[in-house]
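1. Provide a 3D model corresponding to the input given below.
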Amino acid sequence: MEYFVKEDSIVRKIWGNADTVLFIFAGAAAEFAVNKAVDWLYFTGKLPADPLGRLFSTVTYAQQILFATNEDACAAIDRITAIHGQVESARGEQIPDWAYRDVLFFLIDYSIRAFELLERQLTLEEKTEVFNVFCKVGVRMHLNGMPLNYPIWQLMREDHLQNNLEVSRFTEDLFTRYQKHLGVLRFQLLKQVQASMAPDRVTALLAFGSGNALRPAIFCYRLINDTKLQTWVRELLLPVKYKAQIQAIDLRNLYEEALRLGLFSRLIRQT
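-> This next block holds a predicted model:
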């Protein structure tokens, strides 16, 4: 059976860990807020209405791709493309290719940053593997202008950061909604996570500061890194009512056993 991502891939290790995934989307939440195409996320109203619910639905889609067979992953990508096509038809405009690329580019970037922050430094080979997987998604989506290799992606990523980001009326509104859904204390923690994760361009636009306040906690996490501490980190980041959703995206034990039994494609569709 052929999988979209190799069973021993670093990408599966990154995206099978709920802690890493939450940090990825913390960073993404910051960059979404200053992306010039953020108005597309407001068009349907789903993101501003329920930013945390949107996070979990996005994670589910990503895991359906990264942990599924090649056939099922391609079907999931095609569903995403079709949904975007419906939004474009409703608005009477096309989402620009650079906006699609921005999303894939920061998923590559934050996948690497989150894992290196919480676990260890990745090798060039592992970083290239992360790039190759998400580039494969872009090719399936028929996106124009995808980079040919990891070094070219690095240059394009920097260009995107410099030219596709701005503080807009959506920026303040989105952060207001983050605070509303998280509460004041968790919202402040979110901003510290974002400050420790995001590229300099994003932190400068959002005036985050250095994110150094979180460094001691991350050091302890990396030093101990056991199940109890992981649970504590997740409950700090998100309200308890999201506990079931958090457990659902932690696939490390699930996918290893399911792969052994040859059942993972069916299981991932049920999560």
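2. when you work out contacts or count neighbours from here on, use the C-alpha atoms and nothing else.
-> Will do.
3. mind checking how far the helix or strand containing Gln192 is from the chain centre?
-> When elements are assigned from DSSP states H and E, Gln192 belongs to helix 184-197. In terms of Cα atoms, centre = their mean, to the nearest Å, the centre of helix 184-197 is found 16 Å from the chain centre.
4. got the contact list for the following helix or strand past it?
-> Towards the C-terminus, the helix or strand next in line after helix 184-197, according to DSSP H and E, is helix 200-206. Among residues not part of helix 200-206, those counted as contacts by Cα atoms under 8 Å, 6 or more residues apart in numbering are Ala30, Glu31, Val34, Leu161, Gln162, Leu165, Glu166, Val167, Gln194, Ala195, Gly209.
5. which of these are buried?
-> Under a neighbour-count criterion of 16 or more other Cα atoms under 10 Å, the subset of those counted as buried comprises Ala30, Glu31, Val34, Leu161, Leu165, Glu166, Gln194, Ala195.
6. residues near Asp155, how many?
-> One thing to correct before we go on: residue 155 is Leu, not Asp. 11 (other Cα atoms under 10 Å).
7. to clarify, my last question referred to Lys36.
-> Taking other Cα under 10 Å as the criterion, the count of residues near Lys36 is 18.
8. contact partners for it?
-> Under the criterion of Cα under 8 Å, 6+ apart, the neighbours of Lys36 are Asn164, Leu165, Glu166.
9. wait, the first one sits on Asn35?
-> By that I understand Asn164. Yes - checked against Cα atoms under 8 Å, the pair Asn164 and Asn35 is within contact range at 6.1 Å.
10. which one's more surrounded, the two?
-> More crowded of Asn164 and Asn35, by other Cα under 10 Å: Asn35, with 23 against 15.
11. pLDDT wise, what is the closest residue in space to that one that isn't next to it in sequence at?
-> Leaving aside its chain neighbours, Asn35 sits nearest to Leu165 (4.5 Å; criterion: Cα to Cα, 6 or more residues apart in numbering). Confidence at Leu165, expressed as pLDDT, is 96.
12. same question, Tyr255
-> What the model reports as pLDDT for Tyr255 is 48.
13. go on, the one 10 residues further on?
-> On the pLDDT scale, Ser265 is placed at 45.
14. ok, back up a step: now tabulate the contacts of Lys36 in a markdown table and tack on secondary structure.
-> Output for the contacts of Lys36, formatted as a markdown table (DSSP: H, G, I helix; E, B strand; the rest coil):
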| residue | secondary structure |
| --- | --- |
| Asn164 | coil |
| Leu165 | strand |
| Glu166 | coil |
